[in-house]
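Undergrad: Coordinates only, no sequence provided:
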Ligand SMILES: Nc1ncnc2c1ncn2[C@@H]1O[C@H](COP(=O)(O)OP(=O)(O)OP(=O)(O)O)[C@@H](O)[C@H]1O
């Protein structure tokens with residue numbers, strides 16, 4: 001599927017190797033009166049773990065929002081491989097404390113796209129929700145209100161919601177930030193397993209260790225692409241010190 005936004009200029013024919021899930025071409029995006037992403041052209045490889053790395057404010061969340069379809073670019077082109085709509089797990093701070101939902105209801109929302117808002121959950125829906133909650137270790141929190149959970153617990157519930165969507169493209173905004181080492185390890189293993197099972201995973205992260213362990217990396221600086229490719233080629237001391245240079 002190709003989605004074009006203003007000012008599209010046709011590019012060269014797409015090469016099919018390596019396989020990619022998303023091709024981003026000449027992307028501009030941001031917020032009213034605040035351009036953020038500028039002329040970004042990049043590939044997100046299929047069936048791989050890609051990290052978005054860059055300083056605070058470099059545009060990682062904005063780019064994820066564009067890939068998830070919640071932010072409309074001002075121009076450029078996004079081309080997705082065939083597949084299901086992406087599952088998006090925003091930063092936990094982006095989800096209101098006051099939502100009157102239990103943890104289980106929050107995870108069940110992940111099934112809405114599949115079954116519609118008003119249909120009762122099927123047995124399959126319930127099994128998918130049970131399995132997602134078990135994988136994230138939040139089964140015991142099912143009846144608790146989302147707003148009364150700790151930050152790390154809420155994060156895991158939101159990831160379970162993403163998992164319940166059973167998409168082949170999972171987008172996560174800083175999924176391990178603020179988690180204790182055990183929870184971080186659980187999520188790292190889970191994401192690795194998902195890739196092995198055929199999911200394309202993209203995560204924004206400040207965790208350079210996680211970024212170095214991924215298959216690919218997009219390095220952002222001030223809304224522009226500074227580097228892309230295997231982490232050992234992108235996350236070099238020179239590149240990192242350049243974009244993290246104090247202003
Ligand atoms: N809703 C919004 N309205 C206006 N500007 C915004 C909005 N959200 C983010 N921005 C601005 O867009 C720029 C990029 O922000 P973004 O959240 O994409 O960066 P980031 O790389 O994810 O940062 P961080 O590492 O701090 O999460 C920043 O200057 C930020 O202030």
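TA: That came through fine. Please read these numbers as outputs of a predicted model, since none were measured by experiment.

Undergrad: which residue sits closest to residue 144, ignoring its sequence neighbours?
TA: Closest residue in space to residue 144, ignoring its immediate chain neighbours: residue 103 at 5.4 Å, by C-beta to C-beta, 6 or more residues apart in numbering. (Each C-beta comes from the backbone N, C-alpha and C, glycine too.)

Undergrad: The one you found: neighbouring residues, count only.
TA: Using other C-beta atoms under 10 Å, residue 103 has 27 other residues around it.

Undergrad: surely it meets residue 149?
TA: Yes - the pair residue 103 / residue 149 is scored as a contact, 6.7 Å apart, by C-beta atoms under 8 Å.

Undergrad: Overlap in contacts, the two.
TA: 141, 157 (C-beta atoms under 8 Å, 6 or more residues apart in numbering).

Undergrad: which residues touch the residue nearest to residue 144?
TA: Taking C-beta under 8 Å, 6+ apart, one finds 133, 138, 141, 142, 143, 144, 145, 146, 149, 153, 157 in contact with residue 103.

Undergrad: which parts of stretch 216-230 are buried?
TA: 216, 217, 218, 219, 220, 221, 223, 225, 226, 227, 228, 229 (16 or more other C-beta atoms under 10 Å).

Undergrad: now the first one, nearest residue through space, not along the chain?
TA: Meaning residue 216. Using C-beta to C-beta, 6+ apart, the closest residue to residue 216 is residue 50 (4.4 Å).

Undergrad: rewinding a little: which of the contacts of residue 103 fall within strands?
TA: In strands, judged by DSSP state E, none of the contacts of residue 103 are found.

Undergrad: now for the residues you listed, which pair is the farthest apart?
TA: 133 and 145 (15.5 Å; C-beta to C-beta).

Undergrad: Of the two, which one has the most company?
TA: Set residue 133 next to residue 145 and count neighbours by other C-beta under 10 Å: residue 133 wins out with 25 against 16.

Undergrad: List the contacts of the most centrally placed residue in the chain.
TA: Most central in the chain under C-alpha atoms, centre = their mean is residue 171, positioned 1.9 Å from the mean C-alpha point. Shown in contact with residue 171 (C-beta under 8 Å, 6+ apart): 64, 67, 68, 86, 87, 88, 89, 202, 203.

Undergrad: Residue 211 against residue 217, yeah?
TA: Yes - contact status for residue 211 versus residue 217: in contact at 5.6 Å, counting by C-beta under 8 Å.

Undergrad: Give me the common contacts of those two.
TA: Between them, residue 211 and residue 217 share the contacting residues 51, 53, 231, 235, judged by C-beta under 8 Å, 6+ apart.

Undergrad: What count of nearby residues applies to the closest residue to residue 99 other than its chain neighbours?
TA: Using C-beta to C-beta, 6+ apart and skipping residues adjacent in sequence, the residue nearest residue 99 is residue 146, 5.6 Å away. Counted with other C-beta under 10 Å, the neighbours of residue 146 add up to 24.

Undergrad: My read is that residue 146 contacts residue 104, right?
TA: No - if you go by C-beta under 8 Å, residue 146 and residue 104 don't touch, sitting 9.8 Å apart.

Undergrad: Flag every buried residue along the helix or strand harbouring residue 113.
TA: Assigned by DSSP states H and E, residue 113 belongs to helix 112-115. Across helix 112-115, burial judged by 16+ other C-beta under 10 Å covers 112, 114.

Undergrad: Okay, buried residues for stretch 208-217 please.
TA: 210, 211, 214, 215, 216, 217.

Undergrad: ok, these vs residue 37, which is closest?
TA: Of the buried residues of stretch 208-217, the one sitting nearest to residue 37 (C-beta to C-beta) turns out to be residue 217, at 16.6 Å.
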